[in-house]
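[1] sequence below, structure please.
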Amino acid sequence: MNLFFITFDFSKIDNNAWIITVVGYTVVFLLLASMVILFNQWHRIKDHLAKNQRKKKSGTEIQEKADKNTSGDENAAICTALYLYFTELHDEEKYVMTVKKVSKTYSPWSSKIYGVQNSLKNG
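    Now for the predicted structure:
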């Protein structure tokens with residue numbers, strides 16, 4: 001039985017390569033972690049910057065807005081009310097479809113086909 005083993009010798013790796021590897025992984029991890037934090041807190045940062053900009057323009061203090069976070073129960077009640085409101089807007093309609101068959105024997109396409117078929121039969 002012939003088995004192939006792949007061996008890796010860590011002693012042949014230079015110390016500078018280890019330093020570059022550790023620094024590289026650390027930088028990438030820290031940048032990804034900071035991006036996650038930034039994207040999760042973006043709405044707060046944006047609101048803070050907008051508030052500072054309005055303060056500079058008006059020169060007066062701006063009252064803090066109340067936190068608009070609502071609970072799941074409140075969201076469910078709002079969604080239910082909207083659903084009921086929008087379903088009452090439409091009248092009850094009869095869902096009856098009438099299909100009327102119209103027979104047209106002449107069309108430019110069918111006349112060409114008949115002409116081709118007739119010329120083949122006569123020839």
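
[2] need the next SSE after the longest helix seen in the chain, C-terminal direction.
    For the chain, the helix with the greatest residue count under DSSP state H is helix 15-40. Using DSSP states H and E, the helix or strand that directly follows helix 15-40 along the chain is helix 42-58.

[3] list the buried residues in that next one.
    In terms of neighbour count (16 or more other CB atoms under 10 Å), helix 42-58 has no buried residues at all. Where C-beta positions appear, they are placed from N, C-alpha and C, glycine not excepted.

[4] following it, which helix or strand shows up next?
    helix 72-88.

[5] pLDDT averaged over that next one - what is it?
    Across helix 72-88, the average pLDDT comes to 85.

[6] mind listing what's buried along that helix?
    Buried-residue list, helix 72-88, by 16+ other CB under 10 Å: empty.

[7] hmm, who's touching that helix?
    Thr70 (CB atoms under 8 Å, 6 or more residues apart in numbering).

[8] please redo it, this time with the cut-off set to 6 Å
    Residues outside helix 72-88 that contact it (CB atoms under 6 Å, 6 or more residues apart in numbering): none.

[9] relative to Asn15, how far out is His48?
    Per CB to CB, to the nearest Å, His48 is found 45 Å from Asn15.

[10] my error: substitute Ser58 in the last question.
    For Ser58, the distance to Asn15 - CB to CB - is 59 Å.
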